[in-house]
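**Q** structure for this input, please:
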Amino acid sequence: MRLSVIAVLFAVSLQAQVRYHFGDDPKWADPSLDDSAWPAVTADFPLPSANSDGMVWLRYRVPVAKGDEPLAVRLAREQSACTPGEAWVNGVHVGVQGRFPPQPDFGVRCATTVFELPAGSVSSGHTAVVAWRGWIPPIFRARVPYVSPQSFAVEIGSRESLRAHEQLAVNGVRLELDLETFIDLTEILLGVGLLILWWRVRGSPSLLWFSLVVVVWPANTLVIDAPAIWQVNWTYTFYWLLVNPVLTIPLNVVFLEFLRTSTTAPRKVVRGLEVVVVVWPVLWFLPVLAVTPVPLLSLLTPLGTLLFGVQQVGIILIALWVAIRQGRETRGLAIAFIVSAVASLFVDIFALVPTYLRWGGNRLFTDNLFTMLVIGAMCYLLMSRLWQDWRKKEELDAEFEAAREMQTRLVPADIAVPGFTIESAYHPARQVGGDFFRIIPVEDGSVLVVVGDVSGKGLVAAMTVAAIAGALDNEFSRDPAEVLAHLNRALLLRRSSGFVTCCAALIKRSGEAVIANAGHLSPYLDGREVAVEAGLPLGIVPDTSYPETTASGHRFTFISDGVLEAANAGNELFGFDRCREISGKPVAGIALAAQEWGQNDDITVL
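**A** Sure, this is the predicted structure:
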């Protein structure tokens, strides 16, 4: 993960003799001051001591070219952080940047600074004395390992020319970051697209965490580069508070959550690392905001660095675990994690790898290369899994389609039997259902009706329905009690884990019926519930007998519990009373009433 730390130490351009002095005295802005006893800057700017007030003065002698144009002084800084500072030219105060203690703050942007010089303050063709007063925060006085020098040059010349130089510097940095910005924006768009996909299909948790990683990771880089790209002059405090808690910590957490949900990595190890990734950024960056030297300052940053190393080593160990214990498809991901974690250690702690590389006229941060490597590996892992899931879904859909076709034969449409008017409605709650009915004409002109409901739903229930249909085809008796006993034996031979409720009725043309029931809802006869003795459901106890009941009437209505147990938004059931009231209505009306009430199970009406 990229951890950009903005440097504010100064490697002063040696175009002219530069001298420095720690402390603070307004007399040091006087151009006539004899500063020959001040130490000269030879290479990197010497830092004040950690226990000092952080104030430092620089004095330059800058030649001024001849010309009549309005003049200005340009303070050119290579990096994007500017510590509080103010400048004098020949003793004239020309400008200030940021805010000094006790409430220090300063801007964060790429642009250099151009201060217009008052008329008469500088004579062309002569040498001007430039005095710069600045304040160095305690964190940088502590000489932390991740701070690098920054160039700091001063020039005096034509105001318009220096402003043009400033704009060229800004445009040059923008051009250098074009490739980086393009990559970041592309990754963010990819992540947003994946989030939309996850939202639409309610995909696996690993897809959600991967999408968040792809969004937050480049967003972190964009925020770091924003001052240089868009010239956003954020204050230093706001910048670090935004980058640290709002982006760095969530990025670390979502990254580890992706590891947890997409691999077999030990859950306790991942959870422990999540605690580490919340703590180390706080320890690492809190000293950056310190105004005065803190006794623990020298301890907090090394401790944060140590915990960051623990995070990276933890990721390496997890990746090794994945590579050894998990399948071939995740080994590429594990290798990418290892490379990225090791590279981050070298870039951010040991500084053995350059922070950025040149790519033509562009600059590409090294960490971003490893970011792309990891995101590519993560993308490959998810795409591989999505492909496998799609293949499984295709196979499952084919199985459901075959089951649907089979069920259309097992649950027939309305058939014509002389002397009877038969209507039916069948609405499964899923692709295939567990309800069934059969209408079997008998040689004497009567009809055998078998209606039932298999426990459970979906493909397993449909397979049980197929077994029942096969058992019915092999049963030659038309006596309702014998039919139920035969089905009970057939289900016990299958050793199915579920059970089946079933009602069998032999109905004559005269309206007389013999009914046997195995735990199913009693049928309705001319608007009244038939009082039948309900035996045990099928498939539970062998050698079960089923008592028979005789009834007579004009209209028999058989329903499944999908009608009775339909529930509305208030979780109120359709219930027995409503079933009885509408039992004399057309079949389609009964089924529609249950569906509109709130279907949650297979609905059958015969």
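**Q** counting by contacts, list what the helix or strand where residue 593 lies packs against.
**A** Using DSSP states H and E, the element containing residue 593 is helix 587-598. Applying 3 or more C-beta pairs under 8 Å, 6 or more residues apart in numbering; DSSP states H and E, one finds that helix 587-598 contacts strand 425-427, helix 561-564, helix 575-582, strand 603-605. In short, each C-beta sits where N, CA and C put it, glycine included.
**Q** quick one: the longest one to helix 587-598, angle?
**A** Interaxial angle, helix 575-582 versus helix 587-598 (axes from the mean of the first three to the mean of the last three C-alpha atoms, to 10 degrees): 150 degrees.
**Q** ok, and what's touching stretch 594-606?
**A** For stretch 594-606, the external contacting residues (C-beta atoms under 8 Å, 6 or more residues apart in numbering) are 422-429, 433-437, 439, 449, 451, 453, 457, 557-563, 565-569, 574, 578, 587, 590-591.
**Q** buried only: go through those residues for me.
**A** Among these, those classed as buried by 16 or more other C-beta atoms under 10 Å are 424-429, 433-437, 439, 449, 451, 453, 457, 557-563, 565-566, 574, 578, 587, 590-591.
**Q** quick one on the thing from earlier: tabulate the helices and strands packed on helix 587-598 (JSON lines), appending distance to residue 467.
**A** JSON lines is the format used below for the helices and strands packed on helix 587-598 (distance: least, C-beta to C-beta, whole Å):
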{"stretch": "strand 425-427", "distance to residue 467": "18"}
{"stretch": "helix 561-564", "distance to residue 467": "20"}
{"stretch": "helix 575-582", "distance to residue 467": "29"}
{"stretch": "strand 603-605", "distance to residue 467": "18"}
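**Q** distance to residue 553 and mean pLDDT for the ones you listed - can I get that in a markdown table?
**A** Output for these, formatted as a markdown table (distance: least, C-beta to C-beta, whole Å; pLDDT from 0 to 100):
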| stretch | distance to residue 553 | mean pLDDT |
| --- | --- | --- |
| strand 425-427 | 21 | 87 |
| helix 561-564 | 20 | 89 |
| helix 575-582 | 14 | 90 |
| strand 603-605 | 17 | 91 |
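**Q** low-confidence ranges, the stretch 301-450 of the chain, go.
**A** By pLDDT under 70, the weakly predicted segments of the stretch 301-450 of the chain are 326-373, 377-378, 381-386, 389, 396-414, 431-432.
**Q** you'd agree residue 539 is up against residue 489?
**A** No: counting by C-beta atoms under 8 Å, residue 539 sits too far from residue 489 to count as a contact (9.5 Å).
**Q** comparing the two, which shows the higher neighbour count?
**A** The neighbour comparison of residue 539 against residue 489 (other C-beta atoms under 10 Å) goes to residue 539, with 29 against 15.
**Q** mind checking pLDDT for the residue lying closest to residue 91 once chain neighbours are set aside?
**A** In space, and not counting its chain neighbours, residue 91 is closest to residue 31: 4.9 Å by C-beta to C-beta, 6 or more residues apart in numbering. Listed pLDDT for residue 31 reads 93.
**Q** from residue 193, how far off is residue 200?
**A** 11 Å (C-beta to C-beta, to the nearest Å).
**Q** and those two? which has more neighbours close in?
**A** residue 193 (13 against 8).
**Q** show me what whichever strand or helix holds that one is packed up against.
**A** Element membership of residue 193 [criterion: DSSP H and E] is helix 178-201. Packing contacts for helix 178-201, counted by 3+ C-beta pairs under 8 Å, 6+ apart, involve helix 205-230, strand 362-365, helix 366-410.
**Q** what comes up buried for that helix?
**A** 179, 180, 181, 183, 184, 187, 188, 190, 191, 194, 195, 198.
**Q** roughly how far out does that helix sit from the chain middle?
**A** 11 Å (C-alpha atoms, centre = their mean, to the nearest Å).
**Q** avg pLDDT for it?
**A** Taken as a whole, helix 178-201 has a mean pLDDT of 83.
**Q** gap between stretch 176-187 and the chain center?
**A** Using C-alpha atoms, centre = their mean, the offset of stretch 176-187 from its chain centre is 21 Å.
**Q** got the CA positions of that stretch in PDB?
**A** C-alpha atoms of stretch 176-187 as PDB (Å, rounded to 0.1, in the frame of the first residue of the first chain):
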ATOM      1  CA  GLU A 176       4.300  13.600 -14.900                       C
ATOM      2  CA  LEU A 177       1.300  12.400 -12.900                       C
ATOM      3  CA  ASP A 178      -1.000  11.900 -15.900                       C
ATOM      4  CA  LEU A 179      -0.300   8.200 -16.200                       C
ATOM      5  CA  GLU A 180      -0.800   7.700 -12.400                       C
ATOM      6  CA  THR A 181      -4.000   9.700 -12.500                       C
ATOM      7  CA  PHE A 182      -5.400   7.700 -15.400                       C
ATOM      8  CA  ILE A 183      -4.600   4.400 -13.700                       C
ATOM      9  CA  ASP A 184      -6.200   5.600 -10.400                       C
ATOM     10  CA  LEU A 185      -9.400   6.900 -12.100                       C
ATOM     11  CA  THR A 186      -9.700   3.700 -14.200                       C
ATOM     12  CA  GLU A 187      -9.400   1.500 -11.100                       C
END
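**Q** how about the nearest residue to residue 39, chain neighbours excluded?
**A** residue 20 (6.1 Å).
**Q** my understanding was that that neighbour contacts residue 35; is that so?
**A** No: using C-beta under 8 Å, residue 20 is not in contact with residue 35; the gap is 9.2 Å.
**Q** isn't there a strand covering residue 96?
**A** Yes: the assignment for residue 96 by DSSP: H, G, I helix; E, B strand; the rest coil puts it in a strand.
**Q** pLDDT score for it?
**A** pLDDT at residue 96 comes out at 88.
**Q** if I look at it, how far off is residue 166?
**A** With distances taken as C-beta to C-beta, residue 96 is found 17 Å from residue 166.
**Q** for residue 265, same thing?
**A** Residue 265 is 50 Å from residue 166, by C-beta to C-beta.
**Q** what's the answer for residue 37, then?
**A** 34 Å.
**Q** more neighbours: these two, which one.
**A** Taking other C-beta under 10 Å, residue 37 and residue 166 do not tie; residue 166 has more neighbours (18 against 7).
**Q** where's that one, which helix or strand?
**A** Following DSSP H and E, one finds residue 166 within helix 159-176.
**Q** that helix vs helix 178-201, what angle?
**A** Helix 159-176 and helix 178-201 are oriented at 50 degrees to each other (the same axes, to 10 degrees).
**Q** buried set for helix 159-176?
**A** For helix 159-176, by 16+ other C-beta under 10 Å, it's 159, 161, 162, 165, 166, 169, 170, 173, 174, 176.
**Q** phi, psi for residue 41 please.
**A** Main-chain torsions, residue 41, degrees, to the nearest 10: phi -80, psi 130.
**Q** now residue 133
**A** Torsion angles, degrees, to the nearest 10, at residue 133: phi -110, psi 130.
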